[in-house]
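>>> quick one, what's the 3D model for this:
(chains A and B)
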Amino acid sequence: MEITSVTTGGFTTLQLKGRLDLNSSSQLKEHIKGLLKQGTANVILDLCGVDFINSSGLGTLVSILKDVRIVKGRMVLCNLAQYVQEIFEVTQLSHIFDIYPTAEEAAASFAGRMANAY
Amino acid sequence: MSDTIKAVFPSDPKFLECVHSLAEQVASLIGFDGRRRYNLILAVSEGFTNAYLHGNQRHCDRSITVLFEFSEDFLRVSIQDEGILPIDNKVEIHRSLTMSEAISGRGLPLIARFADRVALRYDPEVGNTLTMTVNISGDSGSNDKIHKVEVADGNHIGDNGRVHDPSTEGKT
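Reported below is the predicted structural model:
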């Protein structure tokens, strides 16, 4: 799995490319662990390049979400492909994750929260 | 009359990509596209992962056999591990897809959601075999059907992956 990381405006966007399954799950989890250690607690996972996800990938995302919550951070998802979105709906994880259609809308959700905090 | 494709993989998640490719080729052979293609690849990926994690208990020196049998009417996929113990149905099967924030346990319910029939059997001589059957002529891409998973103890997963225990049916 390819992971591209961009930090801007108080949050980090991770663009993922490839399949999110048992093979790639640990790689993503380690990457996020590194971010959290560095003090980055607000994360956008841009799944535009993820064309396949299975239960291992879903479990990893839930695990990461819990880790982010522990440090009082926030993680949102965006740009889900049609079938990936369907898997989230079937498993009802669409109710647990904040999911945005685009990266811009995901970023705006952070901007809005930060503005409200001041 | 049916065609058969059999592949034996090392029990290692590194081979998931090969398993994925094989399922993709079978999907093309039988004319699955769109959602049905995705669902077949997903189901086979889940079965392989389940065999590695729970059947072979992450032992990479074992193998996982994937068998595709297909005709004009049906596709049957069997995934066999070399587990020395039956997959713990209590853990893996007695889950529903409405389990909110659980980290694991969605594999078999996802397979059950997309295949027409799923069976899990354990034979001490062989290991665990997960068999999923898809009716090719039917609308297997629909999410609205009632699905059934059979397990050795006679329980099955029904609609939405919930477990039905025949011994308690009718009781409240």
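
>>> and what about the spatially most central residue of chain A, helix, strand or coil?
Central residue of chain A (Cα atoms, centre = their mean): A:Leu45, 2.9 Å from the mean position. Recorded secondary structure, A:Leu45: strand (DSSP: H, G, I helix; E, B strand; the rest coil).

>>> mind checking how far the closest residue to chain A within chain B is from B:Lys14?
Per Cβ to the nearest Cβ, B:Arg106 is where chain B lies closest to chain A, at 3.9 Å. Heads up, the C-betas are built off the backbone N, CA and C, glycines and all. B:Arg106 is 22 Å from B:Lys14, where distance means Cβ to Cβ, to the nearest Å.

>>> who's more crowded, the two?
Legend: neighbour count by other Cβ atoms under 10 Å in any protein chain shown for B:Arg106 and B:Lys14, higher for B:Arg106 (26 against 11).

>>> tell me the contacts of the most centrally placed residue in chain B?
By Cα atoms, centre = their mean, the mean C-alpha position of chain B lies nearest to B:Gly47, the distance being 4.5 Å. B:Gly47 makes contacts with B:Val66, B:Val77, B:Ile79, B:Gly107, B:Ile111, B:Leu130, B:Met132, as judged by Cβ atoms under 8 Å, 6 or more residues apart in numbering or on different chains.

>>> now the helices for chain B?
With DSSP state H as the criterion, chain B has helices at B:16-29, B:34-50, B:89-92, B:107-114.

>>> one step back: the contacts of B:Gly47, buried ones only, as a ChimeraX selection?
Remark: buried members of those, expressed as a ChimeraX selection using 16 or more other Cβ atoms under 10 Å in any protein chain shown:
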select /B:66,77,79,107,111,130,132
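
>>> of all the contacts of B:Gly47, which comes closest to B:Ala51?
B:Ile79 (5.4 Å; Cβ to Cβ).

>>> what's the pLDDT at the closest residue to the closest one other than its chain neighbours?
Nearest non-adjacent residue to B:Ile79, counting by Cβ to Cβ, 6 or more residues apart in numbering or on different chains: B:Gly47, 3.9 Å away. B:Gly47 carries a pLDDT value of 95.
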